[in-house]
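Enquirer: Take this sequence and fold it.
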Amino acid sequence: MKDGSNKHTAKKNIKKSIMSTKQRRINISFKPKIVRALTYISKKHGTSLSQVTQELVEEALELREDIYLSKLAEEAEKRAKGKTVCF
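Expert: Predicted coordinates for the structure are as follows:
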């Protein structure tokens with residue numbers, strides 16, 4: 001009996017470690033054409049739909065950040081025009 005309970009506990013712990021993740025799961029609804037495009041990309045690259053979606057979201061966030069920082073730099077450059085900077 002003791003062996004059976006240890007096996008059950010071990011299976012439960014293994015399942016728990018497999019199921020746990022540090023990434024947060026969310027549900028997103030997409031238009032059918034977006035799903036088709038994501039599915040195409042995932043099959044072409046041999047990765048999961050989840051992985052493709054995550055990578056594309058990360059790329060989009062990086063692009064938005066780049067655009068924002070570029071605008072800040074342009075504004076700073078405009079403010080600095082005509083002013084002399086001493087070192």
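Enquirer: State the separation between stretch 62-82 and the centre of the chain it belongs to.
Expert: Chain-centre distance of stretch 62-82: 25 Å, with CA atoms, centre = their mean, to the nearest Å.
Enquirer: Mean confidence (pLDDT) on it, please.
Expert: Mean pLDDT, stretch 62-82: 91.
Enquirer: how much space between Ile28 and Ala60?
Expert: In this view, Ile28 and Ala60 are 13 Å apart by CB to CB, to the nearest Å. Backbone N, C-alpha and C define where each C-beta goes, glycine included.
Enquirer: Ile41 now?
Expert: 14 Å.
Enquirer: How about Thr39?
Expert: 18 Å.
Enquirer: Could you check which of Ile41 and Ala60 has the larger neighbour count?
Expert: Each of Ile41 and Ala60 has its neighbours counted (other CB atoms under 10 Å); Ile41 has more, 16 against 10.
Enquirer: Report the contact partners of the closest residue in space to that one that isn't next to it in sequence.
Expert: Leaving out its chain neighbours, the residue that sits closest to Ile41 by CB to CB, 6 or more residues apart in numbering is Val52, at 5.0 Å. Contact partners of Val52, counting by CB atoms under 8 Å, 6 or more residues apart in numbering, are 38, 41-42, 45.
Enquirer: between those, which is closest to Asp66?
Expert: Ile41 (21.9 Å; CB to CB).
Enquirer: Drop anything exposed from the contacts of Val52.
Expert: 38, 41-42 (16 or more other CB atoms under 10 Å).
Enquirer: does Ser29 count as helix, strand or coil?
Expert: coil (DSSP: H, G, I helix; E, B strand; the rest coil).
Enquirer: Please report how far it lies from Arg64.
Expert: The value you get for Ser29 to Arg64, if CB to CB is used, is 21 Å.
Enquirer: so where does Ser68 fall, helix or strand?
Expert: No, residue 68 isn't Ser; it's Tyr. For Tyr68, the element it lies in under DSSP states H and E is helix 49-80.
Enquirer: next one: the host helix or strand of Leu38 to chain centre, how far?
Expert: For Leu38, the element it lies in under DSSP H and E is helix 32-45. Between the centre of helix 32-45 and the centre of its chain there are 17 Å (CA atoms, centre = their mean).
Enquirer: Since that was my last question, I'll sign off now.
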